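# Sequence first, predicted model second:
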Amino acid sequence: MIQSVEKALRLLQALDLQTDWIGVRELSRQLKFSPPTTHNLLKTLVAASFVEANPATRQYRLGLAAIRLGAGSDPLNNMRLFARPVIEKLAAEFDETIVVVTWQDGQAVVVDWIQAEHPLAVTHNHGVIEHPIVFASGRVLLAHQSRDEQLRYAKSESLGRLGANVPRTRAELLELLAKVAADGYALTENVGDSGVIALGAPVFDAKGRLLLAIGCSAPISRTTHAQLLQVRTRLLELTASMTKRLRGSNAALGTVAGS
């Protein structure tokens, strides 16, 4: 048995038993490893997204890559746990509706969402999103699918019946998705005369594949251009931070792993 691998597996097992964050010294005590050995193992596992680190507290917990390998694990619940602190932060800062969506089995699926507390607020349903091209977060999901998947979707969708501000042909849809991918975010405004404006941005996993999209939506009537720019800046900042964590930045010791 390779000793370093055996120690890494024991460390993952120890983290799997935890219900909260844990520090290096406590892990070292439990496993009877030296603190430097424990820390070096954690850094390696963080880089591969098997462990998540909290730079503020210098504590660790099991990462999404490890969780997704678990037999019978629920990937949607794992994504929900990962994204929840971020959408709570966005909702608290802007008090608008925030949604997390992912692409699963050829469909856009809601992972989690928080509704704004205003009397007039955007709402979401749970489960599969019909017509994802209507939503900013749905456009982000589609923009990062393969061309074959985009063409399959275009063939299945009645584009001409979705109302205003929606691509009406396959060529228009593909052009829009290419722009979303190039811009790094999607913006929808009054799609289908909904009176809603929304932004969506992607989060990528450790291998650069789209994991999920986060969207923020609000009634146009109370959204100024300055507010829209603030939301876009913050949304891109937070989704980039999530991607950085998933890609295992050693500098930040971070990992894991729309309307």
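Structure's in. What do you need? All figures in this text were calculated on a predicted structure; none of them were measured in a lab. Numbering: from 1, shown residues only.

# So R234 sits against A92, correct?
No - here R234 lies out of contact with A92, judged by Cβ atoms under 8 Å, at a distance of 11.3 Å. (Glycine included, C-beta is placed from N, CA and C.)

# Spatially nearest residue to the residue most central in space within the chain (excluding sequence neighbours)?
Centroid-nearest residue in the chain: L212, 3.9 Å away (criterion: Cα atoms, centre = their mean). Using Cβ to Cβ, 6 or more residues apart in numbering and skipping the chain neighbours, the partner closest in space to L212 is T102 (4.4 Å).

# All the helices of the stretch 51-200 of the chain, residue numbers only.
All helices of the stretch 51-200 of the chain, identified by DSSP state H, counting those that start in this stretch, fall at 64-69, 75-94, 136-143, 147-156, 170-183.

# so which of those is the most packed in?
Highest mean neighbour count of the helices of the stretch 51-200 of the chain: helix 136-143, a mean of 29 (counted as mean count of other Cβ atoms under 10 Å).

# Now for the closest residue to V100 other than its chain neighbours: which residues touch it?
Spatial nearest neighbour of V100, excluding adjacent residues (Cβ to Cβ, 6+ apart): V111 at 4.1 Å. Counting by Cβ atoms under 8 Å, 6 or more residues apart in numbering, V111 touches 76, 79-80, 83, 100-102, 212.

# shouldn't V140 be in contact with V180?
Yes - V140 is in contact with V180 according to Cβ under 8 Å; the separation is 6.2 Å.

# list residues touching both of these two?
Joint contacts of V140 and V180 (Cβ under 8 Å, 6+ apart) are A186.

# So for the helix or strand harbouring V46, what gets flagged as buried?
If you go by DSSP states H and E, V46 is part of helix 35-47. Judged by neighbour count using 16 or more other Cβ atoms under 10 Å, the buried positions of helix 35-47 are 38-39, 41-42, 44-47.

# Much appreciated, bye for now.
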